[in-house]
Every structure is written in structure tokens, then in C-alpha cells.
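# Kindly return the folded structure for what I paste below:
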Amino acid sequence: MVKLCKLQNRGVIGGLQGYCRGCTRELAAIIRVRDKDVLRVKAFFRRKQLRVDALVAYGGQCACCGEKAYEFLAIDHINGGGLAERRRLGGGGEYIYRA
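Residues are numbered from 1 along each chain as shown. Now for the predicted structure:
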């Protein structure tokens, strides 16, 4: 945790701020970093769920060998048309699973 100066949260009196300007900046920076980490984790699980949903929609197993472990499954493009499809969708990655 941040070690605050001697003006440690005295409350808001007469419209004055409870922390000095430097402490306020440090606390705001900590909150921004924490919020970015939370958003990053949520995005990771959202992408993971999109992938699983797409694989389930395609049958949940490999068309050639019947493999069912999601770690080994992938969506392949027919006749090498991956670049054209990515351009049509606006990018790769999760855009392919949303289509």
C-alpha cells in the first residue's frame, strides 16, 4: 500500500481535499492499474468462452480424427481462404469466433 503523507484523510472540511495532491495522484494511479487488471482478466475469460461456444457450434470434435479436447481443436479455413475471411470480418482472433 502507499505510504501517505501527514495530511492523511482528514475528511472534507469546508470543501478542502482530504489528501494532498501527490497522495491523490498516487491513489488514482493504483486504482487505474487495479481496474486495468480486472478488465484484462474479464476479457481473457470472455475470449475463452467465445472459443468454446464456437467449437461447440461446430460439433465439439475434430472432423478427421474425432479428438474432443478443446486445447487441441482449432477452426480451419477451407481452401486456404483465411486471409480473405479475416479481412471480411475486420481482424483475426476473437472475430473469427463471433462470426
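# Just want the most central residue of the chain.
Centroid-nearest residue in the chain: Ala43, 2.2 Å away (criterion: C-alpha atoms, centre = their mean).
# avg pLDDT for the helix of greatest length in the chain?
Using DSSP state H, we find that the single longest helix of the chain is helix 21-57. Helix 21-57 comes out with an average pLDDT of 85.
# what's it packed up against?
helix 94-98 (3 or more C-beta pairs under 8 Å, 6 or more residues apart in numbering; DSSP states H and E). No exception for glycine: its C-beta is placed from N, CA and C like everyone else's.
# Identify each buried residue in the helix it packs on, please.
Within helix 94-98, the residues that count as buried by 16 or more other C-beta atoms under 10 Å are 94, 96-97.
# next one: stretch 45-60
So stretch 45-60, judged by 16+ other C-beta under 10 Å, has buried residues 50-51, 54-55.
# Format those residues as CSV; extra columns: distance to Gly66.
CSV is the format used below for these (distance: C-beta to C-beta, whole Å):
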residue, distance to Gly66
Leu50, 23
Arg51, 19
Ala54, 18
Leu55, 14
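# okay, now Lys42: neighbour count?
Number of residues near Lys42 (other C-beta atoms under 10 Å) recorded here: 10.
# whoops, I mixed them up, Leu39
Leu39, neighbours per other C-beta under 10 Å, totals 10.
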